[in-house]
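Asker: this one's sequence-less:
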């Protein structure tokens, strides 16, 4: 329920016009993915399921569509971090390194140090 409250808060549902039936469908979909018929998934798999759900539903719909404004003005755009290889990589990263973008920050700081910035 914490994930649900964080990603699909009532204020967000109200602001986006998402109907209660649609919200219930999303909640059931998330519940089915996190608790499949075969039993409870392990922590790593659960984190990957939650991230994949987030990418498909929130980021896939909100983030990807928000760049469409560039089309209106005739600009090109791309989402390099949406490359399938990058997404697959992050799905394999252990949860403790995903938390608070720990791995991303460590790598970024190391690259900056290597470049002297």
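Answerer: That came in fine, so what should we check first? Owing to the predicted nature of the structure, the values given are computational and were not obtained by experimental measurement.

Asker: where does the chain have low pLDDT?
Answerer: Residues of the chain meeting the criterion pLDDT under 70: 1-20, 34-41.

Asker: could you pull out the strands for the protein?
Answerer: Read by DSSP state E, the chain holds no strands at all.

Asker: And the helices in it?
Answerer: Here the chain has its helices, by DSSP state H, at 2-7, 10-16, 20-34, 43-54, 64-66, 69-72, 84-92, 95-98, 102-115.

Asker: Present those as TSV; the columns should include distance to residue 78.
Answerer: (Each C-beta comes from the backbone N, C-alpha and C, glycine too.) Below are the helices of the chain laid out as TSV (distance: least, Cβ to Cβ, whole Å):
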stretch	distance to residue 78
helix 2-7	25
helix 10-16	25
helix 20-34	28
helix 43-54	21
helix 64-66	11
helix 69-72	10
helix 84-92	13
helix 95-98	24
helix 102-115	19
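
Asker: Can you lay out these as TSV showing mean neighbour count?
Answerer: TSV is the format used below for the helices of the chain (neighbours: other Cβ atoms under 10 Å):
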stretch	mean neighbour count
helix 2-7	11
helix 10-16	11
helix 20-34	13
helix 43-54	16
helix 64-66	11
helix 69-72	10
helix 84-92	11
helix 95-98	15
helix 102-115	11
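
Asker: need the contact list for the closest residue to residue 64 other than its chain neighbours.
Answerer: Nearest non-adjacent residue to residue 64, counting by Cβ to Cβ, 6 or more residues apart in numbering: residue 79, 6.6 Å away. Counting by Cβ atoms under 8 Å, 6 or more residues apart in numbering, residue 79 touches 63-64, 67.

Asker: Which of the residues you listed sits closest to residue 100?
Answerer: residue 63 (19.4 Å; Cβ to Cβ).

Asker: tell me the phi and psi of the nearest residue to that closest one once chain neighbours are set aside?
Answerer: The shortest distance from residue 63 to any non-neighbouring residue, by Cβ to Cβ, 6+ apart, is to residue 79 (7.8 Å). Phi and psi for residue 79, reported as degrees, to the nearest 10, are phi -120, psi 80.
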